[in-house]
Structure formats: structure tokens, C-alpha cells
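>>> only geometry, no sequence info:
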């Protein structure tokens, strides 16, 4: 039985998929049998009458994985919206236990399963009699999380608020991965990373560049031994 890690971020469009696919590749290069898993993908594109999860497509291409789309994603929705809304539009009820079963199957077959969430921790997944959020899914899977943070203006506040929310819901934060780090960080970027490390007292598990141009140095992006 392997171990699971949930990849979340301080918001949407901050590079969780970028980090997940390259962390998968880095762990694979270290000899680990890794599965990146996207429980819910919204904003899918349609190809030949089938919905394609672009995040999953990136996992497979970047880490050269021999998986199908359905191996690595449970729910596919066309509308680029919060999961609860995308599911409502398509008249689908998201079942967190179905996600758990899919995750546990991957866990049986791999050393590490990286579970990428949609948006941040306070994202609605199911709107019914009882509203279920991303934090409820993490609690159900009973796994720790990695927080992806772009070290730009505003990141200190966003990071601290996310970590306090995680603590309030008894979620374990393994550490932080800084994403979209400039090749030559300016004063603000450097100070944001310094202050986030100082204020959170969490391990810095990676510093990932802004683009894929420096892919040859992927082994230097992550502290794989601490993950």
C-alpha cells in the first residue's frame, strides 16, 4: 500500500497541474511508482465525442505515463466552473465515496498517489442537504497536503489564510511548493518566499520555475526526499 498526498493551492490558476505533473516526473525519476490523480476535472474539452481532461493529458505527456484518461480521473465536466455547479448543469451528483474507491485502487498499485484538487481548499464539490467542500474530500481520503504558492504580490496573505483554514479543519500540511518562481526573483518575490517560510514554519518542498524551459534541472526543483 502506497501513500497519498493532496496537491492544493492558494487559489485557481496558480499552477497546481504544472507542479503535479513535474513532481510526478521527479518522483518517477527517483524510482517511485507514481500515479497523479484528478478526481474532478471541469472545463474538459471534447474530442471525437469524448470529454478529455486537459490536466490528466498533461500528466501523461510530461511524465510519459501509460495510463488512460479514466485511469486518472473520476468525473469529467465540460463547464469550466466550480465542481458543484458544473455537476449541477450536467445533472450529475458527485459521490465522494466513488472518488475514495478510485483513489484507494490507485493506492494499492502505486508507491505514491498525488491527488490534485480543483481550485483551493474552500471549493464546493457537492451541493445537497449537506454542502461538501474540498476539505471534506481530504478528510475522507485521510491524507496530508502540499500547498502550491506563487510567490507574487499578495501571496503572504493568501498562504496564511489557507493554512489557517487547513488547521481549523484538522488537515495536515506537509509543506509548501513555490511555483512560477522567476529565474531572477525581484525583491518582492524573494521577500515573499522568505516571509512565508518564516511565518508558516513549514518545510519548503520545492521551487518551480515560471516556464518549462529549465526542465533539464527538474531534479533541483523539489526536495523529493522530504515528500
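Cool, got the structure. These figures come from a predicted structure and were not determined experimentally. Residues are numbered from 1 along each chain as shown.
>>> Report the contact partners of the nearest residue to residue 80 once chain neighbours are set aside.
In space, and not counting its chain neighbours, residue 80 is closest to residue 43: 3.2 Å by C-beta to C-beta, 6 or more residues apart in numbering. (C-beta placed from N, C-alpha, C; glycine too.) Shown in contact with residue 43 (C-beta atoms under 8 Å, 6 or more residues apart in numbering): 54, 77-81, 86.
>>> All the helices of the chain, residue numbers only.
Remark: helices assigned in the chain by DSSP state H are 16-29, 54-63, 69-72, 83-89, 96-109, 134-141, 155-168, 187-200.
>>> For the contacts of residue 43, could you give me JSON lines that also reports pLDDT and neighbour count?
Output for the contacts of residue 43, formatted as JSON lines (pLDDT from 0 to 100; neighbours: other C-beta atoms under 10 Å):
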{"residue": "54", "pLDDT": "94", "neighbour count": "13"}
{"residue": "77", "pLDDT": "97", "neighbour count": "23"}
{"residue": "78", "pLDDT": "95", "neighbour count": "15"}
{"residue": "79", "pLDDT": "95", "neighbour count": "15"}
{"residue": "80", "pLDDT": "95", "neighbour count": "11"}
{"residue": "81", "pLDDT": "95", "neighbour count": "15"}
{"residue": "86", "pLDDT": "97", "neighbour count": "23"}
